[in-house]
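J.: the sequence isn't on hand, but the structure is:
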């Protein structure tokens, strides 16, 4: 089935006042308390059509939030793609040359042969120096928010501490490249980088205004958990940002993924994510003539979408579900 058109109701923020940054790198703001503490990085607009995180970072800047200890960095990442944003054709603003969130290998960044790789080189020092990273994203399809932890138990434990959102995805990333949240120390096992944390939050559909509220909520939870600003100061400067805790949290342990052979990949039903398919071997799609079937019973579909389908792109991930 082809993807239906979806209304894009979240307006683009006006970032003119915040575009220059204060670091000499466009779109990057850094505030250091001068006191010992964690170095926290919040990143948005890794994809230029994912606006919710940009709204959240703009709100933090407008509120004058400053770290009480440690340091806080706010990064509007792919401004070149964001400049192309058109709500009537928002997928075209995901990137300029290639997906910025698949370029986080030093060899790719050093090649500098695309606009995204050159932008990654500008952002790399800020990612490399961060102890904690929250990367703010949104999704191609309407879906409940997802928090992606990678494979490290330390990140899963942080997700439990945050108490939101309900669905936590434990996954190893994508076949076609490395994400920012897996770069450098963030990708190391717990024993090698015990003090780092990195989470990626998918806040809901790109064009849903509710995604902005999710991004704001996760920002204040993450900042409070890091200790760079206490909960009382966050509540004072950002009233209404923190939402109710999730009633429960599910860990969705990704066991595999379906990678498109071409842009012709099709699902046989309008899946949007978190569907639980009861029976193993249930056919859910066609990958250039090959039936795509669930590998086991009670299989959860994680982020199924054909909107960016082409050879080498993940179109759905399989997961087993357990209470966290």
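T.: The structure has been received and is ready for your questions. Just so it is clear, the structure is predicted and the values come from calculations on it, not from any experiment.
J.: list the buried ones in stretch 106-125?
T.: By 16 or more other Cβ atoms under 10 Å, the buried positions in stretch 106-125 come out as 108-109, 114-117, 119-124. (Each C-beta comes from the backbone N, C-alpha and C, glycine too.)
J.: show me where the stretch 201-324 of the chain has strands.
T.: With DSSP state E, counting those that start in this stretch, the ranges of strands along the stretch 201-324 of the chain come out as 250-259, 266-267, 276-277, 283-287, 290-293, 299-302, 314-323.
J.: which other helices and strands contact the second one?
T.: The reference is to strand 266-267. strand 283-287 (3 or more Cβ pairs under 8 Å, 6 or more residues apart in numbering; DSSP states H and E).
J.: what's the strand it packs on packed up against?
T.: Secondary structure elements in contact with strand 283-287, counted by 3+ Cβ pairs under 8 Å, 6+ apart, are strand 266-267, strand 290-293, strand 314-323.
J.: tell me the strands beside the shortest one, with direction?
T.: Strand 266-267 has these partner strands in its sheet, going by DSSP bridges: strand 283-287 (antiparallel).
J.: just the longest one next, same as before
T.: Strand 314-323 has the following strand partners under DSSP bridges: strand 250-259 (antiparallel), strand 299-302 (antiparallel).
J.: can you check the second one too?
T.: Under the criterion DSSP bridges, strand 290-293 sits next to strand 283-287 (antiparallel) in its sheet.
J.: on that earlier part again, relative to residue 206, which of the helices and strands packed on strand 283-287 is closest?
T.: Ranking the helices and strands packed on strand 283-287 by their distance to residue 206 (criterion: Cβ to Cβ) puts strand 314-323 first, at 17.1 Å.
J.: hmm, back to that, so can I have JSON lines of the helices and strands packed on strand 283-287 showing distance to residue 86?
T.: Supplementary listing: the helices and strands packed on strand 283-287 in JSON lines, determined by distance: least, Cβ to Cβ, whole Å:
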{"stretch": "strand 266-267", "distance to residue 86": "26"}
{"stretch": "strand 290-293", "distance to residue 86": "32"}
{"stretch": "strand 314-323", "distance to residue 86": "24"}
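J.: would you turn those strands into CSV with mean pLDDT?
T.: Conversion of these to CSV gives the following (pLDDT from 0 to 100):
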stretch, mean pLDDT
strand 266-267, 96
strand 290-293, 97
strand 314-323, 96
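J.: just put the strands of the stretch 201-324 of the chain in JSON lines and tack on distance to residue 139.
T.: Rendered in JSON lines, the data for the strands of the stretch 201-324 of the chain read as follows (distance: least, Cβ to Cβ, whole Å):
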{"stretch": "strand 250-259", "distance to residue 139": "14"}
{"stretch": "strand 266-267", "distance to residue 139": "15"}
{"stretch": "strand 276-277", "distance to residue 139": "18"}
{"stretch": "strand 283-287", "distance to residue 139": "18"}
{"stretch": "strand 290-293", "distance to residue 139": "20"}
{"stretch": "strand 299-302", "distance to residue 139": "11"}
{"stretch": "strand 314-323", "distance to residue 139": "13"}
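J.: so which of these is the most packed in?
T.: Relative to the other members of those, strand 299-302 carries the highest mean neighbour count by mean count of other Cβ atoms under 10 Å, namely a mean of 22.
J.: now residue 130: how far from residue 148?
T.: 17 Å (Cβ to Cβ, to the nearest Å).
J.: whoops, I mixed them up, residue 106
T.: The gap separating residue 106 from residue 148 is 22 Å, by Cβ to Cβ.
J.: ditto for residue 313
T.: Residue 313 sits 17 Å away from residue 148, going by Cβ to Cβ.
J.: tell me which of those two has more neighbours.
T.: Neighbour totals were compared for residue 313 and residue 148, and residue 148 leads with 26 against 22 (other Cβ atoms under 10 Å).
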